[in-house]
Structures are given as structure tokens and as C-alpha cells.
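Student: what's the 3D shape of this:
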Amino acid sequence: MNGIKPKTTEWFTYFPDDYRWSAAIGGMLGTSVVGASDMGEIDRTARKLSNKLGDDEAWFFAWKGLGDELKARAESSEEKGHNITAALFHLRASCYYQWGERFRTA
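Tutor: Prediction:
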């Protein structure tokens, strides 16, 4: 599926040639203030997608990969008794899993 390029943009577009992906990134960034995402994690993952614009399967696997990474860090934190840290990792992981599925249609 090809990205949908907006005719004009007067708002932040992480992916200027894909409205859907840019809107999703904007939503993710907005949750960083409550700890549901991290700007650095979002940027790192989105950069991996820059040459896969509109490939919703690549989108899914990129965010799933980040979710898996954070889930592993959460489990490691739990084993060490760092339950608050673990909870924060679990929170972000669950959000990235959900955002990863945003464009899945089958």
C-alpha cells in the first residue's frame, strides 16, 4: 500500500509523504508526557521505516520489535525486583504493540 501524501501541511509531519504514518507518529509523541512512549524510542524506530514508506507490514514489525525489546527489559527489571521500572517498560511495550497494529487489515 502506498502512503497518502497530504496536499499541504501546516502541522508536524514525521513522514511528509505519508499522512497516516505522520498522524500516527504525532499521536505517539503526544503520549510521551504521560510515559506511554519515549521520543527517542519513537525516533529510532521511525528512522528504520524511512525507506519503507507505506509498507504497513514493515510498520507492524518495527513497532512489534520495539515492544518485544521493552517487554524483555520489563521482565529483566521484574527479576531484579525493580517493579516500578518494569511497569514503565510494560506500559510502553503495550502501547507500541497497539500502535504497531494500527494499519493491519487482515
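
Student: Secondary structure element holding E75?
Tutor: helix 56-79 (DSSP states H and E).

Student: Only the buried residues of that helix, if you could.
Tutor: 56, 59-64, 66-67, 69-71, 73-74, 77 (16 or more other Cβ atoms under 10 Å). For the C-beta atoms, the positions are set from N, CA and C on the backbone; glycine is no exception.

Student: how far is the next helix-or-strand element following it from where the chain is centred?
Tutor: Downstream of helix 56-79, the first helix or strand assigned by DSSP H and E is helix 83-100. Using Cα atoms, centre = their mean, to the nearest Å, the mean C-alpha position of helix 83-100 is found 11 Å from that of the whole chain.

Student: For helix 83-100, name the packing helices and strands.
Tutor: Judged by 3 or more Cβ pairs under 8 Å, 6 or more residues apart in numbering; DSSP states H and E, helix 83-100 is in contact with helix 19-30, helix 39-48, helix 56-79.

Student: So which elements touch the last one?
Tutor: Read that as helix 56-79. helix 39-48, helix 83-100.
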